[in-house]
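# would you be able to build a 3D model of this:
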Amino acid sequence: MDKWSRKKMKEIGKTRMKANYWKAVLTAIIISFVVGSAGAVNSGAAGADSSTEVSEATSISHQLSEMNATGIAFFVIWTTFAVLIVFGIVIVMDAFLMNPLEIGCKRFFYLNLLEKADIKEIGYVFDKSYKNSVKIMFFMDLKVTLWTCLFIIPG
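Next comes the predicted model:
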């Protein structure tokens, strides 16, 4: 029972961080870029001038008002198609690249608790159990996504 006291865990964490500090910092930076890059994709125009945004919005609404029904349908179909393509690419990158890197980073930190871990642990999944890890993480992401849909469409 004393093995997992707060004081003991804090001592173990400090000892392991001192032994592997720069590797742990590098791994933390890698995982923050891998996991955090999905949110950065949507923030592209954050620094744009508001007057430019207003004039662009006015221009787009003016162009849409001049289109006939066929043109609007064509615009909606192609926009939807482009969004689905981008969404598909993001899902594929997440499943085949980001999830295995995330598993590797978590493995690094776990092994760092027990022994002196090497940076090569980040790529562990690519060497040992890539297909199984991709499959498991894909189904985990799918399950989380479907359960999250219950916030939008309740039971």
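
# what's the first helix or strand after the helix ranked longest in the chain?
Using DSSP state H to define each element, the chain has its longest helix at helix 69-93. Using DSSP states H and E, the next helix or strand after helix 69-93 towards the C-terminus is helix 99-114.

# that next one packs against which elements?
helix 6-19, helix 21-40, helix 124-127, helix 130-152 (3 or more CB pairs under 8 Å, 6 or more residues apart in numbering; DSSP states H and E). C-beta coordinates here come from the backbone N, C-alpha and C atoms, glycine included.

# C-alpha coordinates for the longest one, CSV please?
It refers to helix 130-152. This file holds the C-alpha atoms of helix 130-152, laid out as CSV (Å, rounded to 0.1, in the frame of the first residue of the first chain):
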residue,chain,number,x,y,z
TYR,A,130,2.4,-1.9,-36.7
LYS,A,131,-0.7,-3.6,-38.2
ASN,A,132,-2.1,-4.6,-34.9
SER,A,133,-1.5,-1.2,-33.3
VAL,A,134,-3.1,0.6,-36.2
LYS,A,135,-6.1,-1.6,-36.1
ILE,A,136,-6.6,-1.3,-32.3
MET,A,137,-6.1,2.5,-32.3
PHE,A,138,-8.4,2.9,-35.3
PHE,A,139,-11.2,1.0,-33.5
MET,A,140,-10.5,3.0,-30.3
ASP,A,141,-10.8,6.3,-32.3
LEU,A,142,-14.0,5.0,-34.0
LYS,A,143,-15.5,4.1,-30.6
VAL,A,144,-14.7,7.5,-29.1
THR,A,145,-16.1,9.3,-32.1
LEU,A,146,-19.3,7.3,-32.1
TRP,A,147,-19.8,7.8,-28.3
THR,A,148,-19.1,11.5,-28.8
CYS,A,149,-22.0,11.6,-31.3
LEU,A,150,-24.3,10.9,-28.4
PHE,A,151,-23.6,14.5,-27.2
ILE,A,152,-25.1,15.7,-30.5
